[in-house]
Structure formats: C-alpha cells, structure tokens
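A.B. asks: 3D model of this:
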Amino acid sequence: MDKKLLSKGLIFGVLSAASLLAQADEAGQSGKGCGWGNMAFEGQRGLFPHLLATTTNGTSGNATFGLTSGTNGCDANQRITYGGRSIFAMNGMLDNIAEDMAKGHGEALDAYAVLLGVPTKDRAHFAQVTQQHYGEIFAAQNTTGEQVLNNTLEVMSRDQVLSRYAKQPV
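C.D. replies: Next comes the predicted model:
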C-alpha cells in the first residue's frame, strides 16, 4: 500500500475519531448539549442513543440554529466543558506514537504532529526534537495520553521552531 495513502488514512482516522468522540460527548453525557437529538433521546444512556442524538443534530444543523436563536435547548452563554478521555487513550495510538517517537519517524508520529498543528515543513524537526526528549515526554512507563500531550507541548514551547505550535490543539 502507498505510504502517503496509508498516512492520510491514519490522519483521517485520528481526526474522525476525535470528531465523533467530541460529538458523542456533546450529545448528552453532561446533559448540557442541545438540539433535537438531545431532546429526542433525553435521559437515555449508552453508545447507541448518543450516536443517534449526535447524528440527528449533525444532519439537520439544528444545534447550530439553536445556538444562534436560543432555541432547541441551546444556550451559547453556558461554559463549554469536556468530560471525556484523551484522544490517544480512546483510539489506542499512544503506543504507536511512543514507538515512532523513539525511532524518530513514523506514521503515528506524523499524525500526532498534524493533530498538534505542525505543518509539513517542520515535521522532520518535530520528529527530531521529540526523539531527543523522548524520556521527558514519556516520563513514566504508564504515562497517560494527557501527560504525553502536556509534556510534548512543554518540550515544543522551549524550541525556537516549534514554540509557535505549542498550544492546546483545538
């Protein structure tokens, strides 16, 4: 299989999983979501009702309308919260990122760089810097995805080239 195609597929998969998980969390875990999907499946638990609520909201655009009009249970004045787990823990990429980072190259490391907003021109430098600071980024054997992210951002913030990308990804 073509490496570029595989790499693009991996990046697409990471970003799709992040989007789906963020939408599923919005669909009602905190009870602060809005839209027809949340109204129709209010009080229900489990993956299937969350996915149905998310799909209902996403396909009709009613949550966007609700936020701008103050309808559909939406309140743009509420604080946005996130109660989920790290994307790395959710999609099993942490081990792949660790392996690629230790080698100084690889598709999972490239996908991680994309997630952090590092453009193509600086990805080789990102790989080199993260490899040099591997022990700092993966400080313990059972380091969590959130710790890896925070450690990576800290390492990046000290690098002249990467410091401009050292912010929490959106």
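A.B. asks: got the contact list for the residue nearest to T56 when sequence neighbours are not counted?
C.D. replies: Ranked by Cβ to Cβ, 6 or more residues apart in numbering and with sequence neighbours excluded, the top spatial neighbour of T56 is G37, at 3.2 Å. Using the backbone N, CA and C atoms, a C-beta is placed for each residue, glycine as well. Neighbour list for G37: 27, 52-57, 62-63 [criterion: Cβ atoms under 8 Å, 6 or more residues apart in numbering].
A.B. asks: lowest-confidence entry in those residues?
C.D. replies: By pLDDT, A27 ranks lowest within those, coming in at 38.
A.B. asks: ok, which stretches of the protein are helices?
C.D. replies: Along the chain, the stretches classed as helices by DSSP state H are 3-26, 36-40, 47-60, 62-69, 87-91, 94-103, 107-115, 120-132, 134-137, 145-157.
A.B. asks: now the fourth one: buried residues?
C.D. replies: Think helix 62-69. By neighbour count on 16 or more other Cβ atoms under 10 Å, the buried set for helix 62-69 is 62-63, 66-67.
A.B. asks: can I have it written out in PDB, keeping just the CAs?
C.D. replies: Once non-C-alpha atoms are left out, helix 62-69 reads as follows in PDB (Å, rounded to 0.1, in the frame of the first residue of the first chain):
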ATOM      1  CA  ASN A  62     -30.500  22.300  14.400                       C
ATOM      2  CA  ALA A  63     -27.900  22.700  17.200                       C
ATOM      3  CA  THR A  64     -26.200  25.400  15.200                       C
ATOM      4  CA  PHE A  65     -29.600  27.100  14.600                       C
ATOM      5  CA  GLY A  66     -30.500  26.600  18.300                       C
ATOM      6  CA  LEU A  67     -27.200  28.300  19.400                       C
ATOM      7  CA  THR A  68     -27.800  31.300  17.200                       C
ATOM      8  CA  SER A  69     -31.500  31.700  18.000                       C
END
